[in-house]
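> next one to model:
(one chain, ligands or ions: 1)
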Amino acid sequence: SARIIDGKDFASKLRARVAAEVARVVAASGRKPGLAVVLVGEDPASSVYVRSKGKATLAAGMESFEHRLSADVAEDELIALVDRLNADPAVDGILVQLPLPRHIDERRVITRIDPDKDVDGFHPVNAGRLATGLPGFVPCTPLGCLMLLKDVHPNLSGLDAVVIGRSNIVGKPMGQLLLAESCTVTMTHSRTRDLFAHVARADIVVAAVGIPGFVKADWIKPGASVIDVGINRTDAGLVGDVDPTVADVAGAITPVPGGVGPMTIAVLMRNTLVSAARREGVSLDDAL
Ligand code: NAD
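Numbering: from 1, shown residues only. Here you go, the predicted model:
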């Protein structure tokens, strides 16, 4: 049965490498890298994420700036905060926790962030940079998935990859990253016909669907690598988008929890470090 890809272990090693490089940037520049996180409202899941991000930022030796705004804040007030953070030299990364309340235009807020501080990689300029091979910021979850995949396949060139899901946050950037690694990429989604026939050809399957146990064992080519991005809360606890029996067929698979999940914040720390190093003109270890 499949090799279990230990995302928790990989993420903690990445965080240790980031902390070591943060210390170098501090020594070279005389200041700590800073991440500003903006939370609007009191959504419980978002509050948990924001708290974990703040803790991880401090643990990496960086400065954390938390801004909590009430759920009924005016859009212009949020925009004004983003403008201040864009202009603040102590801030290397800006993250606006999504989703935003319905009266706020999410796209206007995201596009207001300075692309060179957009450590979430959600700004259209960064999506364009990724698509055209320019340096920029890549969304944390798909970049974490790629890191786990490269641990299994140091050379992805020529492999058939199927991405299930086409969100701007996971599926689309995942497809671009795999394309940049010279995979043959098939993007699939809710309108795809005969999804299983696509998956059956794949050496690599990335599932970002949001449906518990959606991907079945009899779709999978024996030996394929399967990355399960899904985080679904069910009565049975936290489950992925991939049925657990896929582990009997796959060559390698990420568990849920303990697979992709822990990578997201670790990559956010990495992106913030990269931003600070670029802004300070410090070169970083390639292994990041
Ligand atoms: P989303 O809802 O924005 O997108 C889901 C995608 O799945 C859509 O593009 C849709 O076309 C596709 N889809 C839906 N039904 C389908 C079907 N029957 N067949 C094929 N495709 C179908 O979701 P998202 O933001 O991309 O997140 C996907 C999952 O990943 C969720 O479970 C989410 O919780 C999880 N997630 C985890 C992390 C993390 O690990 N840190 C981060 C982001 C998202």
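> show me which residues of this structure sit near the ligand.
Listed as neighbours of the ligand in the chain under the rule CB under 6 Å from any ligand atom: 141, 164-167, 169-171, 188-190, 192, 195, 208-210, 229-232, 260-261, 264. C-beta: built from backbone N, CA, C; applies to glycine.
> from these, which land in strands?
Using DSSP state E, 164, 188, 232 are the members of those that sit in strands.
> most surrounded residue in the residues you listed?
Counting neighbours by other CB atoms under 10 Å, residue 164 comes out on top of those with 28 neighbours.
> so that residue is in contact with residue 210, correct?
No. Between residue 164 and residue 210 there is no contact under CB atoms under 8 Å: 10.3 Å.
> any shared contact partners between those two?
Both residue 164 and residue 210 are in contact with residue 241, where contact means CB atoms under 8 Å, 6 or more residues apart in numbering.
> circling back: just the buried residues of the residues of the chain next to the ligand.
141, 164-167, 169-171, 188, 192, 195, 208-209, 229-232, 260-261, 264 (16 or more other CB atoms under 10 Å).
> in helices, which of those fall?
Using DSSP state H, the subset of these located in helices is 141, 171, 195, 261, 264.
> make JSON lines out of those residues and add distance to residue 73 and pLDDT.
Below are these laid out as JSON lines (distance: CB to CB, whole Å; pLDDT from 0 to 100):
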{"residue": "141", "distance to residue 73": "27", "pLDDT": "98"}
{"residue": "171", "distance to residue 73": "30", "pLDDT": "98"}
{"residue": "195", "distance to residue 73": "41", "pLDDT": "98"}
{"residue": "261", "distance to residue 73": "29", "pLDDT": "96"}
{"residue": "264", "distance to residue 73": "26", "pLDDT": "98"}
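> could I get those as a markdown table with distance to residue 47?
Formatted as a markdown table, these follow (distance: CB to CB, whole Å):
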| residue | distance to residue 47 |
| --- | --- |
| 141 | 19 |
| 171 | 26 |
| 195 | 35 |
| 261 | 17 |
| 264 | 16 |
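> what's the farthest-apart pair in the residues you listed?
Using CB to CB, the two most remote members of these are 195 and 264, lying 25.3 Å apart.
> sorry, back to before: closest to residue 109 among the ones in strands among the residues of the chain next to the ligand?
residue 232 (27.0 Å).
> dig out what that closest one forms beta bridges with.
residue 239 (DSSP bridges).
> may I have the phi/psi pair for the closest residue in space to residue 277 that isn't next to it in sequence?
If the residues on either side of it in the chain are set aside, residue 277 comes closest to residue 284, at 5.0 Å by CB to CB, 6 or more residues apart in numbering. Per-residue torsions, residue 284: phi -110, psi 160 (degrees, to the nearest 10).
> tally of neighbours for residue 284?
Neighbour tally, residue 284, other CB under 10 Å: 17.
> now residue 282
16.
> in this structure it contacts residue 25, no?
Yes. With contact defined as CB under 8 Å, residue 282 reaches residue 25; the gap is 5.1 Å.
> name the residues contacting each of the two.
Contacts common to residue 282 and residue 25, judged by CB under 8 Å, 6+ apart, are residue 276.
> burial count for residue 41?
Residue 41 is flanked by 17 other residues according to other CB under 10 Å.
> thinking again about what came up before, and the residue nearest to residue 277, how far from residue 146?
Residue 284 sits 18 Å away from residue 146, going by CB to CB, to the nearest Å.
> ok, residue 60 next?
Between residue 60 and residue 146 the computed distance is 21 Å (CB to CB).
> and the two? Which one has more around it.
More neighbours surround residue 60 than the other of residue 60 and residue 146, with 26 against 21 (other CB under 10 Å).
> ok, now which ones touch that one?
15, 18, 19, 22, 269, 272, 273.
> would you map the strands across the chain?
3-4, 34-40, 63-69, 93-96, 160-164, 184-188, 204-207, 225-228, 232-234, 237-239, 252-253.
> could you redo those strands as a markdown table and give each row mean pLDDT?
Shown next, in a markdown table, are the strands of the chain (pLDDT from 0 to 100):
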| stretch | mean pLDDT |
| --- | --- |
| strand 3-4 | 98 |
| strand 34-40 | 98 |
| strand 63-69 | 98 |
| strand 93-96 | 98 |
| strand 160-164 | 99 |
| strand 184-188 | 99 |
| strand 204-207 | 99 |
| strand 225-228 | 99 |
| strand 232-234 | 95 |
| strand 237-239 | 95 |
| strand 252-253 | 98 |
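> turn the ones you listed into JSON lines, including distance to residue 277.
Putting those into JSON lines (distance: least, CB to CB, whole Å) gives the following:
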{"stretch": "strand 3-4", "distance to residue 277": "33"}
{"stretch": "strand 34-40", "distance to residue 277": "13"}
{"stretch": "strand 63-69", "distance to residue 277": "15"}
{"stretch": "strand 93-96", "distance to residue 277": "12"}
{"stretch": "strand 160-164", "distance to residue 277": "30"}
{"stretch": "strand 184-188", "distance to residue 277": "30"}
{"stretch": "strand 204-207", "distance to residue 277": "29"}
{"stretch": "strand 225-228", "distance to residue 277": "28"}
{"stretch": "strand 232-234", "distance to residue 277": "36"}
{"stretch": "strand 237-239", "distance to residue 277": "34"}
{"stretch": "strand 252-253", "distance to residue 277": "32"}
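> no further queries at this time; thank you.
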